[in-house]
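*Asks:* just coords:
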């Protein structure tokens, strides 16, 4: 269903049905009352809850979505999303941050996809555009 909606939106935007480049990232979110499944503590962000994993095209349209406990490693959870991208005939490049190194890159290569791992300079703050993806850092 989501693939059909994405194809329609891409067509309306004058894009090919399948992207050649996507971006993958995750976001840790605090758990809410009444939700006990897939919880953990993200040590980097000190958040007790879950983590959303998302693959989007250049228009920001979702291509693959996953949810895990916050303590799960981005790269390992990202491998789970790769199978959901198999139907993208034109896909060549996955833009990611350093959380998606190692086994994630090796797994993407099995599908014939290249992974471009970029990280913004540590001295910068705020949103920094980077080759098909963005990142936000806390302001000091």
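*Replies:* Alright, I've got the coordinates. Remember, predicted model here, so these are calculated numbers, not experimental data.
*Asks:* would you map the strands across this protein?
*Replies:* Assigned by DSSP state E, the chain shows strands spanning 21-30, 40-42, 47-56, 62-69, 93-96, 114-117.
*Asks:* just name the most buried of those.
*Replies:* Highest mean neighbour count of those: strand 93-96, a mean of 23 (counted as mean count of other Cβ atoms under 10 Å). To be clear about C-beta, it is placed using only N, CA and C from the backbone, and glycine gets the same treatment.
*Asks:* to residue 10, which of the strands of the chain lies closest?
*Replies:* Closest approach to residue 10 among the strands of the chain (Cβ to Cβ): strand 62-69, 10.4 Å.
*Asks:* what's in contact with the top helix by length along the chain?
*Replies:* Of all the segments of type helix in the chain, defined by DSSP state H, the longest one is helix 2-12. With contacts defined as Cβ atoms under 8 Å, 6 or more residues apart in numbering, helix 2-12 is touched by 16, 17, 18, 19, 57, 59, 61, 62, 63, 65, 87.
*Asks:* roughly how far is that helix from the heart of the chain?
*Replies:* 19 Å (Cα atoms, centre = their mean, to the nearest Å).
*Asks:* and what of stretch 70-87?
*Replies:* On the basis of Cα atoms, centre = their mean, stretch 70-87 sits 8 Å off its chain's mean C-alpha point.
*Asks:* endpoints of that stretch, how far apart?
*Replies:* Length of stretch 70-87, first residue to last, Cα to Cα, to the nearest Å: 28 Å.
*Asks:* so which bits of it are buried?
*Replies:* 70, 71, 72, 73, 74, 75, 77, 78, 79, 81, 82, 85 (16 or more other Cβ atoms under 10 Å).
*Asks:* would you check which pair of those lies furthest apart?
*Replies:* Largest pairwise distance in the buried residues of stretch 70-87, by Cβ to Cβ, is 24.6 Å, between 71 and 85.
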